[in-house]
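*Asks:* 3D, please:
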Amino acid sequence: MLKLGICTAVQDTPLRRLWRRGLASATILSTQGSSAADYHRFERVVSQLRLSNGTVMTTLSKRLIPVDERVAGALRTIFPRSTRLLVEDWAVSTGITALEWFQSLLGLYPNLRFSASDWILYLMEVRHERKHYAFIVEPSGNPIQYIRDPFVVSLTSQQHSLYFINRIVQRRALREWENVAKHIDVPVDWADREEPQSISLPPFSLRRIPVLHPRVFNLRNEQFTVKQHSVFSRLAQPVHVIRTMNILNHAYFSESRLQAAADTVRDSLLPGGLWVVGRTVKEKPPEHDVSVLRNGFDGWKPILRIGNGSEIESTIGCNDREVSNA
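*Replies:* Modelled structure (predicted):
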């Protein structure tokens, strides 16, 4: 048995998706459209991409609205409306929930400065110009997808044993990438350049594929910026609020790494600043376990819990359970 993929935008129709049953190629991701259909295609395709660290790039629109509303109440009790509020949203994936949070905060803090960030803001398409195959690769060089019509195969998820042809394609693709990688020399500053979007390295061509949601990609301005950043990198300029949703939990990191990330957040916050940390525990309807922690001289002080609060509270030495859950 086998699954065929959606290799081109022309193939991306309901009927073909039904009978092909396979993955959609990341090459059909586009940030150019502005219709509901364009947004839906982007969200559907990007949700199929599993990165080399095991995470999936899924940030559904309106997913965190209930959290935003509760956090806004906490912010109003601490920061006056006149504050030039500095907010960082880390590990935002496609950035759509960051944009929605920014838009809700802007009504409360007109002088807001908001920065959304993630470690991966784009992927690379590495295409052989004569042999008509392509790899989708993280900026670090880890391949995550192989496209050769009629196949689109994940290189980060094991193929089911029933689809033995896809398993063969996957094994061959991983071997081929070892050879291809030797010929790819990406400019070290390419991530910082606006142009060019494509580079020719015969017999290969390289193209950047942004993974920011079209709404995010097309809205960036002075008050809302997007940058590359790791949750383990301290900010040069401390801010008032940092949010890390659906990234710092025991499924992804060891206790020592979680503590290291907490130290990074603490060093990146102003005294008395707030850390919003937690994860989504259920999608339909959305349910979240979130803690809002204040950066105090004697450690983290919880001022609000949503659901059961963040699962990493005890890991980072936040043992105060006096705050009621909401």
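*Asks:* counting contacts, what elements does the top strand by length along the chain pack onto?
*Replies:* Counting residues, the longest strand found in the chain (DSSP state E) is strand 269-282. Helices and strands touching strand 269-282, by 3 or more Cβ pairs under 8 Å, 6 or more residues apart in numbering; DSSP states H and E, are helix 65-78, strand 239-245, helix 255-268, strand 287-296, strand 299-306. All C-beta atoms are positioned from the backbone trio N, CA, C, and that covers glycine.
*Asks:* off-centre distance for it?
*Replies:* 17 Å (Cα atoms, centre = their mean, to the nearest Å).
*Asks:* tell me the SS of residue 251?
*Replies:* coil (DSSP: H, G, I helix; E, B strand; the rest coil).
*Asks:* that one - how many residues pack around it?
*Replies:* 10 (other Cβ atoms under 10 Å).
*Asks:* ok, now residue 225?
*Replies:* 13.
*Asks:* what helices or strands is the one helix or strand it maps to leaning on?
*Replies:* In the assignment (DSSP states H and E), residue 225 maps to strand 224-228. In terms of contacts (3+ Cβ pairs under 8 Å, 6+ apart), strand 224-228 is packed against strand 113-118.
*Asks:* give me the contacts around the strand holding residue 225.
*Replies:* 95, 99, 102, 114-121, 191, 212, 216, 220 (Cβ atoms under 8 Å, 6 or more residues apart in numbering).
*Asks:* what are the buried residues along the lengthiest helix in the chain?
*Replies:* The single longest helix within the chain, with elements called by DSSP state H, is helix 164-180. Across helix 164-180, burial judged by 16 or more other Cβ atoms under 10 Å covers 166-167, 169-170, 173, 176-177, 180.
*Asks:* make CSV out of the residues you listed and add distance to residue 283.
*Replies:* Formatted as CSV, these follow (distance: Cβ to Cβ, whole Å):
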residue, distance to residue 283
166, 27
167, 30
169, 31
170, 28
173, 31
176, 36
177, 33
180, 37
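*Asks:* could I get those residues in CSV, plus columns for pLDDT and distance to residue 309?
*Replies:* Formatted as CSV, those follow (pLDDT from 0 to 100; distance: Cβ to Cβ, whole Å):
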residue, pLDDT, distance to residue 309
166, 91, 42
167, 92, 42
169, 93, 45
170, 94, 40
173, 95, 43
176, 95, 47
177, 95, 42
180, 91, 46
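*Asks:* closest to residue 186 among the residues you listed?
*Replies:* Nearest to residue 186, judged by Cβ to Cβ, of these is residue 180 at 12.4 Å.
*Asks:* can you list the buried residues in stretch 206-221?
*Replies:* Using 16+ other Cβ under 10 Å as the test for burial, stretch 206-221 gives 206-217.
*Asks:* how about stretch 280-287?
*Replies:* Buried residues in stretch 280-287 (16+ other Cβ under 10 Å): residue 280.
*Asks:* from here on, count from 12
*Replies:* Shifting the count to begin at 12 puts that one at stretch 291-298.
*Asks:* isn't residue 63 right next to residue 168, touching?
*Replies:* No. In this structure, residue 63 is not within contact of residue 168 by Cβ atoms under 8 Å, at 10.7 Å.
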